[in-house]
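**Q** would you be able to build a 3D model of this:
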Amino acid sequence: MSERSHQARSHEALVGGQFGSRAEAYLTSAVHSQSPDLDALVALMQNRRDARVLDLGCGGGHVTFNVAPLVRDIVAYDLSPEMLDVVARTAGERGLRNVTTRQGMVESLPFADESFDVVLSRFSAHHWRDLDAALREAKRVAKAGGMIAIADTTTPGIPLLDTYFQAIELLRDPSHVRNGTRAEWEAAIARAGLLPGSVTAFRMRLDFKSWVERMNTPKLQVEAIRALQSAVSSVATRYFDTEADGSFCIDVALFEAAKPLA
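**A** Sure, this is the predicted structure:
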């Protein structure tokens, strides 16, 4: 096995292990189930009744559940079989008969070229081992002229703030890879050969207790996050609106793009 293959498999196992046991927590997470960025993503699907949609890195399935009533069918795709079991069960309970699930990595999608009218993703990309490869795959499986829309956490591009944010993200969840800046996202979209569209920014508050409990972060790492919150420059404290209990605010962006017609 090559070193690159070993790294890929190791990260795959880490992500699966981190999220598989937390599937129910993500299903019931308030910040995942209701927020302006989710509403904006779902709004893009109005008047697309005949669309076949891919929910890339579906997690607890909130994009899938909200989009399914608006489209012909949607495939919920994730690395974690446990997440997919929760999505399939919940879709059945809600009578969403046009939902199917598939398991795998975002860097190697098990779908034919031009299989989907729309590719969506929310709060998954900062766990992707290879963003460029995943975007190329999203482009490949989208039909010509098809829409690709991705919502994810972002950083402001200031080194002090970026280093701090990546640090607390990694302490909470070791499968975290990177939160990108808007410029980094726009450059990645261009490298993938996609046509850039609108970018919509959001601000989201994270309740600290729920944030760490959702991932079952070990006590030692929770204490490290709190220590870092206390020790970091006030520039970071102000930017992230850090509260006394550790709750804070983050930036989220919704990136829209399209696959060229030719």
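**Q** now the strand or helix carrying Ser198: buried residues?
**A** Assigned by DSSP states H and E, Ser198 belongs to strand 195-206. Using 16 or more other Cβ atoms under 10 Å as the test for burial, strand 195-206 gives Phe202, Leu206. Quick note: C-beta positions are derived from backbone N, CA and C, even for glycine.
**Q** give me the contact list for it.
**A** Under the contact criterion Cβ atoms under 8 Å, 6 or more residues apart in numbering, strand 195-206 has outside partners 31, 35-37, 40, 147, 154, 182, 185-186, 189-190, 241, 247-260.
**Q** mind checking which of these are in helices?
**A** Val31, Pro36, Asp37, Ala40, Arg182, Trp185, Glu186, Ile189, Ala190 (DSSP state H).
**Q** widest-spaced pair of those residues?
**A** Farthest-apart pair in those is Val31 and Ala190; separation 30.1 Å (Cβ to Cβ).
**Q** need the helices for the stretch 51-200 of the chain, in chain order.
**A** For the stretch 51-200 of the chain, the helices defined by DSSP state H, counting those that start in this stretch cover 62-67, 81-93, 131-141, 159-172, 182-191.
**Q** as JSON lines, those helices with mean neighbour count, distance to Asn47 and mean pLDDT would be great.
**A** Formatted as JSON lines, those follow (neighbours: other Cβ atoms under 10 Å; distance: least, Cβ to Cβ, whole Å; pLDDT from 0 to 100):
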{"stretch": "helix 62-67", "mean neighbour count": "25", "distance to Asn47": "13", "mean pLDDT": "95"}
{"stretch": "helix 81-93", "mean neighbour count": "18", "distance to Asn47": "23", "mean pLDDT": "92"}
{"stretch": "helix 131-141", "mean neighbour count": "20", "distance to Asn47": "22", "mean pLDDT": "98"}
{"stretch": "helix 159-172", "mean neighbour count": "17", "distance to Asn47": "36", "mean pLDDT": "96"}
{"stretch": "helix 182-191", "mean neighbour count": "16", "distance to Asn47": "24", "mean pLDDT": "98"}
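**Q** low-confidence stretches in the stretch 1-150 of the chain?
**A** Applying pLDDT under 70 to the stretch 1-150 of the chain flags residues 1-34.
**Q** swap the cut-off to 50 and go again
**A** Applying pLDDT under 50 to the stretch 1-150 of the chain picks out residues 1-9, 18-21, 23, 25-26, 29-30, 32.
**Q** can you give me the strands for it?
**A** Along the stretch 1-150 of the chain, the stretches classed as strands by DSSP state E, counting those that start in this stretch are 52-56, 73-78, 99-103, 116-122, 142-155.
**Q** could you export those strands as JSON lines, including distance to Glu169 and mean neighbour count?
**A** Formatted as JSON lines, those follow (distance: least, Cβ to Cβ, whole Å; neighbours: other Cβ atoms under 10 Å):
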{"stretch": "strand 52-56", "distance to Glu169": "20", "mean neighbour count": "25"}
{"stretch": "strand 73-78", "distance to Glu169": "20", "mean neighbour count": "26"}
{"stretch": "strand 99-103", "distance to Glu169": "25", "mean neighbour count": "18"}
{"stretch": "strand 116-122", "distance to Glu169": "16", "mean neighbour count": "24"}
{"stretch": "strand 142-155", "distance to Glu169": "8", "mean neighbour count": "21"}
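**Q** and Asn216, which of the ones you listed is closest to it?
**A** That would be strand 73-78 among the strands of the stretch 1-150 of the chain, by Cβ to Cβ, at 18.2 Å.
**Q** any chance you could list what contacts that closest one?
**A** 52-59, 61, 64, 67-68, 84, 87-88, 91, 98-104, 106, 109, 111, 116.
**Q** only C-alpha atoms, please: export it in CSV.
**A** Extracted in CSV, the C-alpha atoms of strand 73-78 (Å, rounded to 0.1, in the frame of the first residue of the first chain):
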residue,chain,number,x,y,z
ASP,A,73,-35.2,12.0,-5.8
ILE,A,74,-32.2,12.5,-3.6
VAL,A,75,-29.2,10.4,-2.7
ALA,A,76,-27.8,10.8,0.8
TYR,A,77,-24.1,10.0,0.6
ASP,A,78,-21.8,9.7,3.6
